[in-house]
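Undergrad: Provided below for reference: sequence and predicted model.
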Amino acid sequence: MSTPNTEPSTTVNLLRPASRFLRRLLGRADIPDGLVIRKLRADDLPRLFSADLPLGETWLNSQERGEMYVAVAEVDGVAMGRSCLLYNFKGDPPNAYSFASTVSPECQSRGIGSFLVSHNERVARSRGMYHIAAHAAKENPRSAAWREKMGYRRMGEETIHWEGADGHHESVSWRFERAFTPPASYRIRRWIRTRMSKVRRKLLRKSQSEF
């Protein structure tokens, strides 16, 4: 399996700075006051992809084509982290893959990574994707525990592959998945599409048998 190298509705492009009351309610009073979550921009690349600028350009182009979404955590106007979401519109049902979540060392352990992933989950649901997968390297138990804390189920081991600035990489990782309950309107539309597809296949078989 290869690690993916993908614009939601404007209602979820930005996350207003979290109120102090909300942060205390969630037990994250240490989250910076100036935190904003938004999508990746070209001016973020030098800071967030200094070690692999071509990768950042590839992801930005994929985002502009509507293939993926890269959430950026901005603190007081400075990009301090990112998290990526790859769309799979052709899946049955459509789904998304969450990967490459990272936060600058000076802002780690302050809940920013969780805000990034939660934002991307809302982006996925806004695009009709209610099933999200992710990986965490087996040698990184902290990352695996964080995924489970975010509500993801550990499904088993997989070897993932990806290309970096320094060549090919692979890692034996835990696969995580999280499913969200779609709204009733979505389930009804999906049921209608499934029924219509079955009727079309039945009519096709009938027409073929008549020849």
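TA: Okay, I see it.
Undergrad: please name the strands paired to the helix or strand hosting A133 in the sheet, noting orientation.
TA: According to DSSP states H and E, A133 maps onto strand 131-137. Here strand 131-137 has these sheet partners by DSSP bridges: strand 95-103 (parallel), strand 167-179 (antiparallel).
Undergrad: give me the contacts around the shortest one.
TA: Contacting residues not belonging to strand 95-103 are listed as 3-4, 73, 80-88, 112-113, 116-117, 120-121, 124, 127, 129-135 [C-beta atoms under 8 Å, 6 or more residues apart in numbering]. (Glycine included, C-beta is placed from N, CA and C.)
Undergrad: what of stretch 149-164?
TA: Residues contacting stretch 149-164 (C-beta under 8 Å, 6+ apart): 1-3, 5, 52, 55, 114, 117-118, 132, 134-135, 138, 144, 147-148, 168-178.
Undergrad: make it 10 Å
TA: Residues from elsewhere that reach stretch 149-164, judged by C-beta atoms under 10 Å, 6 or more residues apart in numbering: 1-5, 51-52, 55, 98-100, 113-114, 117-118, 121, 132-138, 144, 146-148, 168-180.
Undergrad: and it, what's buried?
TA: Within stretch 149-164, the residues that qualify as buried are 150, 152, 160, 162, counting by 16 or more other C-beta atoms under 10 Å.
Undergrad: filter the contacts of stretch 149-164 to the buried ones?
TA: Using 16+ other C-beta under 10 Å as the burial test, the contacts of stretch 149-164 include 3-5, 55, 98-100, 113-114, 117-118, 121, 132-136, 144, 146-147, 171, 173-176, 178 as buried.
Undergrad: start to end distance for stretch 71-87?
TA: Criterion C-alpha to C-alpha, to the nearest Å; first-to-last residue distance in stretch 71-87 is 13 Å.
Undergrad: numbering from 706 from now on, please.
TA: I'll keep to 706 as the first residue from here, and by that count the last item is stretch 776-792.
Undergrad: hang on, the earlier thing: mean pLDDT lowest where, among the strands paired with strand 836-842?
TA: The weakest mean pLDDT among the strands paired with strand 836-842 belongs to strand 872-884, with a mean of 90.
Undergrad: for the chain, longest helix please?
TA: Counting residues, the longest helix found in the chain (DSSP state H) is helix 889-914.
Undergrad: what about the strands in the protein?
TA: For the chain, the strands defined by DSSP state E cover 740-744, 773-780, 783-793, 800-808, 836-842, 858-869, 872-884.
Undergrad: same list, the ones you listed, but as TSV with distance to L908 please.
TA: Listed next are those as TSV, based on distance: least, C-beta to C-beta, whole Å:
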stretch	distance to L908
strand 740-744	44
strand 773-780	38
strand 783-793	29
strand 800-808	30
strand 836-842	31
strand 858-869	38
strand 872-884	33
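Undergrad: which of those strands sits closest to R752?
TA: Of all the strands of the chain, it is strand 783-793 that lies closest to R752, at 5.2 Å by C-beta to C-beta.
Undergrad: what comes up buried for that closest one?
TA: For strand 783-793, the neighbour count (16+ other C-beta under 10 Å) marks 784-793 as buried.
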